[in-house]
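Peer 1: sequence and predicted structure are below.
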Amino acid sequence: MNRWNGIGRSDVGLIRTVNQDAFAAIDQLGIWAVADGMGGHSGGDIAAHTAIQTIEAQALSLHEALRSGQQPATDLLSNLISDAHQAILDRTRSQPKLKGMGTTIVLLAIVPTPDPIAYLAHVGDSRAYRLRAGSLTPLTRDHSLIEKYLERGILTAVTAKSHPERHVLTRALGIPGSATPTIAAFPLHETDLVLLCSDGLTKMLEDNDIEQVLTQGQPNPTHLCNHLVNTALDRGGEDNVTVVVVAHQSA
């Protein structure tokens, strides 16, 4: 057997009373995802779980379509993200009190070929990273006002950390007109690790901190998930924190 396995962990954190994050880990189909919801009246929780449930419901068809190669992966992922977006909008229409709810999404799909290719789609500020040979590389860029300001040179990395608009997103599922995903493909090595996470992790840990955690101790997904979440909690746990660590397994 030659496949990729992922382990996820989600924690409410030390400040929030409701966990509005959700994740999927469908190892047998090579699909993993993290969603970070937003909105009152439990809306964020509902939005995140609606997105994840949509992905889970379509995981088999996505897996089969990616393996067949008959449709562009970009189209397949875009369609799935669009369906998740529409499912949230439909829920809002049926329950007006949930108006304004939305969620981020970061979705990873790996086609288990001899030279595996990973496909990544994201909306919002939930992130993906790859660890290779001890070096951590971001695979996503946040869809946020702060990221736009950084790209334009309006802010520096230091000033961005305390900017009052640092949590404002420019894209999110469930918000009309803002659900276009960024989609990428990249090759994987068997020694790579891929991390998906909500911003509850990256608010507490800088990228170099994440790299240090991933390169210390036992190199297995369960240990690494626990170590990442526990480190975020040790540093204040200001938000819900969710991580999924995906690694190659041969047996």
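Peer 2: Yep, that arrived.

Peer 1: contacts and neighbour counts: CA atoms only from here.
Peer 2: Will do.

Peer 1: Gly13 belongs to a strand?
Peer 2: No. Looking at Gly13 with DSSP: H, G, I helix; E, B strand; the rest coil, it is coil, so not inside a strand.

Peer 1: that one and Leu66, how far apart?
Peer 2: 36 Å (CA to CA, to the nearest Å).

Peer 1: ok, now His167?
Peer 2: With the distance defined as CA to CA, His167 ends up 34 Å from Leu66.

Peer 1: now do Val245
Peer 2: 21 Å.

Peer 1: next: Thr50.
Peer 2: 23 Å.

Peer 1: tell me what the nearest residue to Ile26 once chain neighbours are set aside is bridged to.
Peer 2: Take Ile26 and drop its neighbours on the chain: the residue closest to it by CA to CA, 6 or more residues apart in numbering is Trp32, 6.0 Å away. On the basis of DSSP bridges, Trp32 is bridged to Ala25, Leu108.

Peer 1: quick check: Trp32 touching Ile105?
Peer 2: No. Here Trp32 does not reach Ile105: they are 10.6 Å apart, not a contact under CA atoms under 8 Å.

Peer 1: more neighbours: those two, which one.
Peer 2: A direct count of neighbours by other CA atoms under 10 Å for Trp32 and Ile105 places Ile105 higher, at 33 against 28.

Peer 1: which stretches of the stretch 1-150 of the chain have low pLDDT?
Peer 2: 1-2 (pLDDT under 70).

Peer 1: nearest the middle, which residue of this structure would you pick?
Peer 2: For the chain, the residue sitting closest to the mean C-alpha position, by CA atoms, centre = their mean, is Val106 at 3.1 Å.

Peer 1: return the residues in contact with that residue.
Peer 2: For Val106, the contacting residues are 33-35, 120-123, 126-128, 196, by CA atoms under 8 Å, 6 or more residues apart in numbering.

Peer 1: and the two most separated of these?
Peer 2: Ala35 and Leu120 (13.7 Å; CA to CA).

Peer 1: who has more neighbours, the two?
Peer 2: Ala35 (35 against 25).

Peer 1: relative to Asp21, how far out is the more buried one?
Peer 2: Per CA to CA, Ala35 is found 6 Å from Asp21.

Peer 1: which neighbours do the two share?
Peer 2: With CA under 8 Å, 6+ apart as the test, Ala35 and Asp21 both reach 48-49, 198.
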